[in-house]
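In: need coordinates for the below:
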Amino acid sequence: MSREFESLKSFHMLAECLSYGRAAANLNIDQTTLSRRIIKLEEAIGFKLFVRGKGQILLTSSGNRFYDQTRKIVQDYTKSVIDAKLLSSFNSSNLRVGYMAFAAMEIAPKHIANFQKKYPETVVKLSYLNSQNQLAALENEEIDVGYIIGPIKNKNFVEVNAAKERLVVVCAKDHNFQTLKEIPPKSLSNERLILGDLVEWNIFRWRLEDMFEKHGVNLAVSLEATSTLAILGLVSAGLGLTVYPESITSFIKNEDLIARPLQGDNFAIETSVICQKNHKRAAVDQFMDLLY
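Out: As a prediction, this is how the structure comes out:
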């Protein structure tokens, strides 16, 4: 945007607000910058736009006429920018997808493969983020679609339940749990747990603690790691056990590891696929439609 148009747009905002404070806030600039723009515009056109009274500002008669005559210029420019952005969004050939650790094992790859098969011209760009950071990234339009631990039931997002998985205990094959078909939650009371840290597993850790508290179990975490590979390596070395969604069983190739489901209907986790309700991306609609 040219400096001349910045000054003109600032003049229109001030003419509509008649308050330097409100106009500056709406323009996301400070009052000094706004005042400087108005002064430069007045110098360029050769007449005063505003008069200052007791605690207020008013348009001069010339300023009022100048506002009317330039209003269409500002409106047309703003509309052109909006239309161009919409066109760019709908013609954009990429889709930005956020995902968390548990969606990376089976859920997201299957959806993305299905989408790429139907829309091969769209480039999918992946971002690894925990659930909480994905919500922020969606709000800031840094990603288009997110795979998070759900449900969130937020009116600002479209949410599709992609999966509900039982939780399993993963431990070394020589652990005494190998003889059990299901693991009673209370049996974890005296076990050393290896979990993702609170930054990586934030929402899952909170949900996990709530699930076990209902059975009178307080989880004691002995080790924390930041990746699935690291966690499984520590478990394989006999340093403790971990709790994961059931899809992990398809990826336990290590013969030193076994997985057993936790006993109880409440030991499950849901994965939701979400996007902004008022998004402007055709690729997002295409992706979400394939989930139904």
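In: show the end-to-end separation of stretch 167-176, please.
Out: From its first residue to its last, stretch 167-176 covers 19 Å (Cα to Cα, to the nearest Å).
In: stretch 132-150 too?
Out: End-to-end distance for stretch 132-150, by Cα to Cα: 11 Å.
In: quick one: distance of that stretch to the chain centre.
Out: Its chain's average C-alpha position is 1 Å from that of stretch 132-150, according to Cα atoms, centre = their mean, to the nearest Å.
In: buried stuff in it?
Out: 133-135, 137-138, 143-150 (16 or more other Cβ atoms under 10 Å). For glycine as for every other residue, the C-beta is placed from the backbone atoms N, C-alpha and C.
In: may I see the residues you listed organised as JSON lines, with pLDDT and distance to residue 237 added?
Out: As requested, these are exported to JSON lines (pLDDT from 0 to 100; distance: Cβ to Cβ, whole Å):
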{"residue": "133", "pLDDT": "88", "distance to residue 237": "30"}
{"residue": "134", "pLDDT": "92", "distance to residue 237": "32"}
{"residue": "135", "pLDDT": "90", "distance to residue 237": "35"}
{"residue": "137", "pLDDT": "90", "distance to residue 237": "35"}
{"residue": "138", "pLDDT": "92", "distance to residue 237": "38"}
{"residue": "143", "pLDDT": "93", "distance to residue 237": "35"}
{"residue": "144", "pLDDT": "95", "distance to residue 237": "40"}
{"residue": "145", "pLDDT": "97", "distance to residue 237": "37"}
{"residue": "146", "pLDDT": "97", "distance to residue 237": "33"}
{"residue": "147", "pLDDT": "97", "distance to residue 237": "30"}
{"residue": "148", "pLDDT": "96", "distance to residue 237": "31"}
{"residue": "149", "pLDDT": "94", "distance to residue 237": "28"}
{"residue": "150", "pLDDT": "92", "distance to residue 237": "33"}
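In: looking at those, which are in helices?
Out: Among the buried residues of stretch 132-150, the members falling in helices (DSSP state H) are 133, 134, 135, 137, 138.
In: domain-wise, how is this structure divided?
Out: Split into domains by automatic domain parsing, the chain comes to 3-91, 94-162+277-289, 164-269.
In: so residue 248 belongs to a helix, correct?
Out: Yes. The assignment for residue 248 by DSSP: H, G, I helix; E, B strand; the rest coil puts it in a helix.
In: show me what contacts it?
Out: Neighbouring residues of residue 248 by Cβ atoms under 8 Å, 6 or more residues apart in numbering: 105, 168, 170, 228, 259.
In: ok, which pair from the ones in helices among the buried residues of stretch 132-150 is furthest apart?
Out: 133 and 138 (9.8 Å; Cβ to Cβ).
In: what about the strands in the stretch 1-150 of the chain?
Out: Read by DSSP state E, counting those that start in this stretch, the stretch 1-150 of the chain holds these strands, from start to end of the chain: 50-52, 57-59, 94-99, 123-128, 145-150.
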